[in-house]
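Participant: Below: sequence and its predicted model.
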Amino acid sequence: ETGVTQTPRHLVMGMTNKKSLKCEQHLGHNAMYWYKQSAKKPLELMFVYNFKEQTENNSVPSRFSPECPNSSHLFLHLHTLQPEDSALYLCASSPKQKNTEAFFGQGTRLTVV
Amino acid sequence: AQSVTQLGSHVSVSEGALVLLRCNYSSSVPPYLFWYVQYPNQGLQLLLKYTSAATLVKGINGFEAEFKKSETSFHLTKPSAHMSDAAEYFCAVRFLYNQGGKLIFGQGTELSVKP
């Protein structure tokens, strides 16, 4: 248990659906991240939030829309996804300090049909 | 450009044998370095980290890693593999003065342990 909780753990959605992934941490961290992990590919950093402000968007398609209402919660809103978006989506958090590790949630296994 | 490379996408060892997973980074300034482990359909769990203190770092589950500046390496070792060590291992770095200090991951190495 890392202190970072992701829900749901599994999600199957059609290409026309709208769904949201949720991430929550009560570790007092100020930075939160979304990563995408596809089969046979390296971890891809998608978004970074620091103190609720988005500080990085790695050219992620607009069908992925992040939201960070406060430092403890992070959402990833999904709409009109493609089958190639099927992957494990990992949320992580870290203190602002640069020499610390990130703490990861268990991930949401997303399947787009 | 700063980067991190894991040599070998798949390593197979026998139970009881030495585990060696390789990680090299590319940077003129030593970064902070981390090893994570991922079991199937799970998130990443920190094994150990190097943050400019002792160069030999001990982690959980009997793993350790040695930071070698001259070789720009941070290889992960365990003297005797257990079946439960079978998982994917990721080396990660934080480059202090570039790329916003973000955490960058290597490609991962899948470790198989044979009985």
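Facilitator: Nice, I can see it.

Participant: What is the burial count for the closest residue to A:F104 other than its chain neighbours?
Facilitator: On the basis of Cβ to Cβ, 6 or more residues apart in numbering or on different chains, the spatially nearest residue to A:F104 that is not a chain neighbour turns out to be B:G43, at 3.8 Å. From N, CA and C alone the C-beta is placed, and that goes for glycine too. Around B:G43 sit 21 other residues, with neighbours defined as other Cβ atoms under 10 Å in any protein chain shown.

Participant: give me phi/psi at B:G43?
Facilitator: Per-residue torsions, B:G43: phi -80, psi -170 (degrees, to the nearest 10).

Participant: So it sits against A:Q106, correct?
Facilitator: Yes - judged on Cβ atoms under 8 Å, B:G43 makes contact with A:Q106 at a distance of 4.6 Å.

Participant: Kindly tell me how buried B:K69 is, as a neighbour count.
Facilitator: Around B:K69 there are 9 other residues, counting by other Cβ under 10 Å.

Participant: where does it fall, phi/psi-wise?
Facilitator: Geometry field for B:K69 lists phi and psi as phi -60, psi -40, criterion degrees, to the nearest 10.

Participant: Hmm, B:P30 and it touching each other?
Facilitator: Yes - with contact taken as Cβ under 8 Å, B:K69 and B:P30 are classed as touching, separated by 5.8 Å.

Participant: The residue nearest to A:F104: what's it in contact with?
Facilitator: A:T2, A:V4, A:Q6, A:L90, A:F104, A:G105, A:Q106, A:G107 (Cβ atoms under 8 Å, 6 or more residues apart in numbering or on different chains).

Participant: Mind doing that once more with 10 Å?
Facilitator: The neighbourhood of B:G43, defined by Cβ atoms under 10 Å, 6 or more residues apart in numbering or on different chains, consists of A:2, A:4, A:6, A:35, A:37, A:88, A:90-92, A:103-107, B:36.

Participant: Show me where chain B has its strands.
Facilitator: Taking DSSP state E to define them, one finds strands in chain B at B:3-7, B:10-14, B:19-26, B:32-38, B:44-50, B:56-58, B:64-68, B:73-78, B:87-94, B:103-105, B:109-114.
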